[in-house]
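> this is a predicted model, with the sequence first.
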Amino acid sequence: MKELNDFLNLSFQFSEDVVISVKDGLILGAVLVIASVFLTVLRKLISRNLPYDDKKKFKVVFGYARWMLYVIIFLITLHSLGINVTGIFAASAALLIGIGLALQTLFQDIISGVFILIDQSVHVGDIIEIEGKVGRVEEIKLRTTRALTADNKVLIIPNHLYLTNSLYNWTQNGTTTRETVDVGVAYGSDVQLVKRLLLQAAKSQQDVLKEPEPNVLFTDFGDSALNFRVAFTINDSFNARFPKSDIRFEIDKLFRENNISIPFPQRDIHIKTKI
């Protein structure tokens, strides 16, 4: 028993202030093993509902965080054992502050990427709009999201923008979206005829869904025109510009056939002269 106590109290001096015994080493090892088991269980609980590919990404990020936690737990345990680690704490704090300031945006992107993976607010294939840019999500990485615009241009979105900007997910509730086309007609036009023609133009397009039916809104009395809006539903909002363009062509054709004019903006100019 005495030999065991002597062995456990056997000390190793690493510096003038840092002396670690065998017993301290065993306690430190046990704490790290318990922390490892706890972090593994925590990771599995957090990622249990994630898709397989997202689980792999989250595991990579969690791996980096795990090592940082190990360092913190290691230092705290040494301090609890009565070992003077003030110098190590000071050096670690200065190092972490320096790294944090240098890589602040990178950390924001990675943290935002983790949030995206956990709350599943954006998926591959979703059509999103952020800062006025629209694209179909092709890949979600830890730091950036890769999207493809309707013009086949690649849009690289830093993930921290999701935290600082409003994100519109066009397809989170399904693939169908409600689109509109606005048009103005001259004062004195038959508004009921205009309504029928706008509905006819919308229903004539094969990309427009029959349910829910298109409808027409009389939106306002403008300065130079009576303003209408025809609303309709399509199944491919990413390419909405094409059926919207076809509807505008059809509206122009029907208006010409029925003598409905689309006015241009008019301004009255009054010239005052001094006699």
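Looks like it came in fine. None of the values given here were measured: they were computed from a predicted structure.
> Three-state assignment for the residue nearest the centre of the chain, please.
In the chain, the centroid-proximal residue (CA atoms, centre = their mean) is residue 162; its distance is 4.2 Å. What DSSP: H, G, I helix; E, B strand; the rest coil gives for residue 162 is helix.
> contact partners for it?
112, 115, 116, 121, 122, 130 (CB atoms under 8 Å, 6 or more residues apart in numbering). For every residue, glycine as well, the C-beta is placed using N, CA and C.
> among those, which lie within strands?
Among the contacts of residue 162, the residues falling in strands (DSSP state E) are residue 130.
> mind putting the contacts of residue 162 into CSV with neighbour count, distance to residue 186 and pLDDT?
As requested, these are exported to CSV (neighbours: other CB atoms under 10 Å; distance: CB to CB, whole Å; pLDDT from 0 to 100):
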residue, neighbour count, distance to residue 186, pLDDT
112, 21, 51, 77
115, 13, 52, 75
116, 22, 50, 75
121, 14, 46, 76
122, 21, 45, 83
130, 19, 39, 85
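> now, the most widely separated pair of the contacts of residue 162?
Across those, no pair lies farther apart than 115 and 130, at 14.8 Å, counting by CB to CB.
> gap between stretch 188-198 and the chain center?
On the basis of CA atoms, centre = their mean, to the nearest Å, stretch 188-198 sits 42 Å off its chain's mean C-alpha point.
> buried set for that stretch?
By 16 or more other CB atoms under 10 Å, the buried positions in stretch 188-198 come out as 189, 194, 195, 197, 198.
> where along the protein do the strands fall?
Going by DSSP E, the chain shows strands at 11-13, 19-21, 127-130, 133-140, 144-148, 154-158, 167-169, 177-185, 215-221, 226-234.
> run a quick neighbour tally on the closest residue to residue 46 other than its chain neighbours.
Nearest non-adjacent residue to residue 46, counting by CB to CB, 6 or more residues apart in numbering: residue 118, 6.6 Å away. By other CB atoms under 10 Å, the residues close to residue 118 number 14.
> residue 30 too?
11.
> so how far is residue 80 from it?
Computed as CB to CB, to the nearest Å, the residue 30 to residue 80 distance reads 13 Å.
> enumerate every residue touching the closest residue to residue 265 other than its chain neighbours.
Nearest-residue entry for residue 265: residue 224, 5.1 Å, with adjacent residues in sequence omitted and distances by CB to CB, 6+ apart. Going by CB under 8 Å, 6+ apart, residue 224 touches 184, 263, 264, 265, 266.
> what about those, which one has the most neighbours?
Within those, neighbour counts (other CB under 10 Å) peak at residue 184, which reaches 20 neighbours.
> distance of that residue from residue 157?
36 Å.
> for stretch 164-173, the averaged confidence score.
Mean per-residue pLDDT for stretch 164-173: 79.
> how deep is the residue nearest to residue 110 when sequence neighbours are not counted tucked in, by neighbour count?
Spatially, and ignoring its direct neighbours in sequence, residue 110 is nearest to residue 142 (5.3 Å; CB to CB, 6+ apart). Here the number of neighbours of residue 142 (other CB under 10 Å) works out to 19.
> then the one 3 residues further on?
When counting by other CB under 10 Å, one arrives at 26 neighbours for residue 145.
> now do the contacts for it.
116, 122, 137, 139, 156, 157, 159 are the contacts of residue 145 under CB under 8 Å, 6+ apart.
> filter those residues to the buried ones?
Buried members of these, scored by 16+ other CB under 10 Å, are 116, 122, 137, 157, 159.
> what's near enough to touch the third one?
Read it as residue 137. 122, 123, 124, 125, 126, 127, 128, 145, 146, 147.
> alright, calling it a day.
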